[in-house]
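Enquirer: Build me a model:
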Amino acid sequence: MRAVVQRVSWAQVEVEQETVGRIEDGLLVYLGCVAGDTEVEGDKMVQRLSKLRIFEDAEGKTNLDIAKAQGAFLIVSQFTLAADTAGGNRPSLSGALNAPSAAILVGYVQDGLRNLGFSVESGRFGATMRVSSLNRGPATYLLDISPTKPTE
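Expert: From the prediction side, this is the model:
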């Protein structure tokens, strides 16, 4: 599971000229699921996102997590994060988790964050979305959680 996380002053997602998700201060998270991802990776992502200390404290140091910063999440599914760009000019998307499973897993992550008490907005899975944001910093982070290999 991969996430591109941006600390934002605001972010919103539109589908067919309708705003379907909007936050003020918080984290815009582009979330991609790779083949092999399960709820185990979803739980790890929820924990990483909820505890990521990338907000500034009173001294200007990035010591605060999203709860202490009183921020919200905007989660946008993005299967292109599973792309293999190692060779050629056309990224291969064969490593992405299939759409039905990915939709369930993205919802699982959103619900996990909500269950921790966070405000969570989202895009619309599978839709063509227009995402707008004001990155604060700029501050952009990449989280990569490899699928757990089954034990023998």
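Enquirer: Spell out the residue ranges of the strands in the chain.
Expert: Using DSSP state E, the strands of the chain run over residues 2-15, 18-23, 26-32, 55-56, 62-64, 72-77, 120-122, 130-144.
Enquirer: okay if I get those as TSV plus mean pLDDT, mean neighbour count and distance to Ser92?
Expert: The way it works is simple: take the backbone N, C-alpha and C, and place the C-beta from them, glycine included. Output for the strands of the chain, formatted as TSV (pLDDT from 0 to 100; neighbours: other Cβ atoms under 10 Å; distance: least, Cβ to Cβ, whole Å):
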stretch	mean pLDDT	mean neighbour count	distance to Ser92
strand 2-15	98	20	15
strand 18-23	97	16	29
strand 26-32	98	25	14
strand 55-56	95	18	36
strand 62-64	95	15	35
strand 72-77	98	24	19
strand 120-122	97	20	27
strand 130-144	95	13	17
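Enquirer: Tell me which of those sits nearest to Arg90.
Expert: Closest of those to Arg90 is strand 26-32, at 17.6 Å (criterion: Cβ to Cβ).
Enquirer: Show me what that closest one is packed against.
Expert: strand 2-15, helix 39-51, strand 72-77, strand 130-144 (3 or more Cβ pairs under 8 Å, 6 or more residues apart in numbering; DSSP states H and E).
Enquirer: Next, the angle strand 72-77 makes with it.
Expert: Between strand 26-32 and strand 72-77, the angle formed by their directions is 20 degrees, by axes from the mean of the first three to the mean of the last three Cα atoms, to 10 degrees.
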